[in-house]
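Engineer: Predicted model and sequence below, questions to follow.
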Amino acid sequence: MRSFNSLDRLLNEVQHFLDTLTHQARPDRPNPAAMYAETSLNHNEKRQSQGFMRVNHTGEICAQALYRGQAFGTENKTLKQHFNVAANEEVDHLEWCQERLQELATHTSYLNPLWYIGAFIIGYSAARLGDALSLGFVEETEQQVIRHLERHQQDLPMNDHKSRAIVAVMQTDEAQHAQDAKTAGAQNLPLILKLLMQLQSKVMTTTAYYL
């Protein structure tokens, strides 16, 4: 079996970066929105749904990059597999959000390449600080994502059943990822780091909603 060196691994990550942005992967599970018919949304409702689902799509771009960065940075083979499996599971969310944006006749965030690169660097940096801290970063990230999705369920138009169905499944999956990280030995992060993560998330969600 061929042994991959650092350059091989880096080139593989570049390819994954390109594949993620061009949506080459395919979801393993059916889109939960498929069971719902499209409903009529007025102008303001449609803009709300477009913005919220664009934010969710960008969040999934970041999730891909974060997990891949952590897998790239850790020397623990078991943990590396854990992160790669989690990244693969997030592909479903990414593609469901992409499909919904197409149905809503709008674009993905123009800044997604920058968000991916930034999240990959953060994931790699977290991994280099140690496995427990890296897992703690995952747990805290997922907890913040869950709260963010809960707000979306409150703010999405009540008759946008397709978007709501996607967000509901995402909530369940993210909660499981947080629990998996905790079970694997996640370390509780310092308050200052949690606050910085919240600030970064606020910048991303506010920007992605419009751009």
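Structural biologist: Sure thing, it's come through. Numbering: from 1, shown residues only.
Engineer: list the helices and strands the longest helix belonging to the chain packs on?
Structural biologist: Of all segments of type helix in the chain, defined using DSSP state H, the longest is helix 43-73. Helix 43-73 is packed against helix 6-21, helix 77-103, helix 112-128, helix 131-155, helix 161-183, helix 191-210, with contacts defined by 3 or more C-beta pairs under 8 Å, 6 or more residues apart in numbering; DSSP states H and E. For the C-beta atoms, the positions are set from N, CA and C on the backbone; glycine is no exception.
Engineer: if you set the cut-off to 6 Å instead, what comes out?
Structural biologist: Using 3 or more C-beta pairs under 6 Å, 6 or more residues apart in numbering; DSSP states H and E, the elements in contact with helix 43-73 are helix 77-103, helix 112-128, helix 191-210.
Engineer: Nearest residue to the residue nearest the centre of the chain in space, please, no chain neighbours.
Structural biologist: The centre of the chain sits closest to Glu60, judged by C-alpha atoms, centre = their mean, with a distance of 2.4 Å. With sequence-adjacent residues excluded and distances taken as C-beta to C-beta, 6 or more residues apart in numbering, Glu60 is closest to Leu94, at 3.9 Å.
Engineer: Let me know how buried the one you found is, in neighbour terms.
Structural biologist: As a burial measure, Leu94 scores 23 neighbours (other C-beta atoms under 10 Å).
Engineer: quick one on the thing from earlier: got the buried residues for the longest helix of the chain?
Structural biologist: Neighbour-count burial for helix 43-73, counted by 16 or more other C-beta atoms under 10 Å, picks out 45-46, 48-73.
Engineer: Using CSV, lay out the helices and strands packed on helix 43-73 together with distance to Leu41 and mean pLDDT.
Structural biologist: Shown next, in CSV, are the helices and strands packed on helix 43-73 (distance: least, C-beta to C-beta, whole Å; pLDDT from 0 to 100):
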stretch, distance to Leu41, mean pLDDT
helix 77-103, 11, 88
helix 112-128, 24, 89
helix 191-210, 17, 82
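Engineer: Nearest to His152, out of the ones you listed?
Structural biologist: Closest to His152 of the helices and strands packed on helix 43-73 is helix 191-210 (C-beta to C-beta; 9.8 Å).
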